[in-house]
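Predicted model and sequence follow; I will ask about them next.
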Amino acid sequence: MRAGLIQDLVALARPRHWVKSVFILLPVPFAVAAGSALNWHALAMGSLGFCLVSSAVYVFNDACDAERDALHPKKRLRPIAAGRITRHAAAALCAVLLAAGALLEVATNIGGALRITAAYAGLNVAYSLGLKNVPLVDVFLLASGFLLRVLLGCALVSAEPSRWLLLCASGLALFLAFAKRRGDLVELVDGAHRPSLAGYNEAYLNQAMALTAGVALLSYGLYCQEAPTLVEGRQFASLPFVIFGLLEYLRVAYVRNEGASPVDVVLRSPALLLSGCGWVVSVLWSLGIV
């Protein structure tokens, strides 16, 4: 076995991006407060299954983008683009990850879990095969991944998603997707690598980010006002952390011209991490759990 093969296979699966699956856990405290009988075993299997399927999607996308990635200053170092992993090996890894993820979703005994995960895989295959080259369509498909994670979380805890929570999650997902495209644009990624960028400019993406951040903030505020599970007098305790988090993300994107990778933005920002921790604590307090 070639030295470094395991490291390359792990890098290809991008387990670091599993942090995005925190969106699966967003409905959990609200479901607990509403009296849902939580099946932690199903939640863990469903979350891990989705992570494995998301890794399969990354492998498939890298295989489709190998030639374009080879022209990118950073992505040219990815295992397939650099020629360290063949497409055949990547296809085998993709199949294993996809099968393992699907089996875990089936093992949850929650019908919606497999359907939502399959929808995620199908949309991302369409994205990788060409829809990522269409302006706005690419952003909506990127955002759908975050929203499907929230829906999966609702299914795994047997909770009906609130319309305000879905609107907030949709606004936040679009915000992150537009920020990603803005990050690509300011990094001077050319049209040969990302054809959809020809349909954007910085001014448009700035406005789109501000608009979707406003939608996320307003809908979250309305959710806090109307949610019956929140303790009277504590409804808005978590709102300042949401406001701070959105403004900090905007500051990082506009001032430091970052955002091409939401995972990197969050993990490199102590302010965003502390804001996230503050949100979790304040939500638990608002729900009367702590």
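Cool, the structure landed.

Wait, Ala82 touches Lys75, no?
No. The pair Ala82 and Lys75 does not pass the contact test of Cβ atoms under 8 Å, sitting 9.5 Å apart. C-beta here means a position set from N, CA and C on the backbone, and glycine is covered the same way.

who has more neighbours, those two?
Set Ala82 next to Lys75 and count neighbours by other Cβ atoms under 10 Å: Lys75 wins out with 18 against 14.

what's the distance between the nearest residue to Ser162 once chain neighbours are set aside and Cys51?
Using Cβ to Cβ, 6 or more residues apart in numbering and skipping residues adjacent in sequence, the residue nearest Ser162 is Tyr223, 6.2 Å away. In this view, Tyr223 and Cys51 are 27 Å apart by Cβ to Cβ, to the nearest Å.

likewise Glu258?
Applying Cβ to Cβ to Glu258 and Cys51 gives a distance of 24 Å.

what do you get for Cys168?
23 Å.

Compare these two (neighbour count), which wins?
Using other Cβ under 10 Å, the more surrounded residue of Cys168 and Cys51 is Cys168, with 24 against 21.

who touches the lowest-mean-pLDDT helix or strand in the chain?
Least confident helix or strand, the chain: helix 66-69 with a mean of 80, by mean pLDDT, DSSP states H and E. Residues outside helix 66-69 that contact it (Cβ atoms under 8 Å, 6 or more residues apart in numbering): Asp62, Lys75, Arg76, Arg78, Ile80, Ala81, Arg87, Ala192, His193, Arg194.

Now the buried members of those residues.
Listed as buried from those are Asp62, Lys75, Arg78, Ile80, Ala81, His193, Arg194; burial here means 16 or more other Cβ atoms under 10 Å.

out of those residues, which are inside helices?
Among those, the members found in helices (DSSP state H) are Asp62.

For burial, what's the neighbour tally of Thr229?
17.

Could I get the contacting residues of Asn201?
With Cβ under 8 Å, 6+ apart, Asn201 has these contacts: Leu185.

Equivalent analysis for Gly153, please.
The contact partners of Gly153, taken as Cβ under 8 Å, 6+ apart, are Phe23, Ile24, Leu25, Leu26, Pro27, Val28.

ok, and the most crowded of those?
Result: Pro27 is most packed of these (other Cβ under 10 Å), 25 neighbours.

pLDDT at that residue, what is it?
Note on Pro27: pLDDT of 88.

got the contact list for Ala82?
Going by Cβ under 8 Å, 6+ apart, Ala82 touches Ala70, Arg76.
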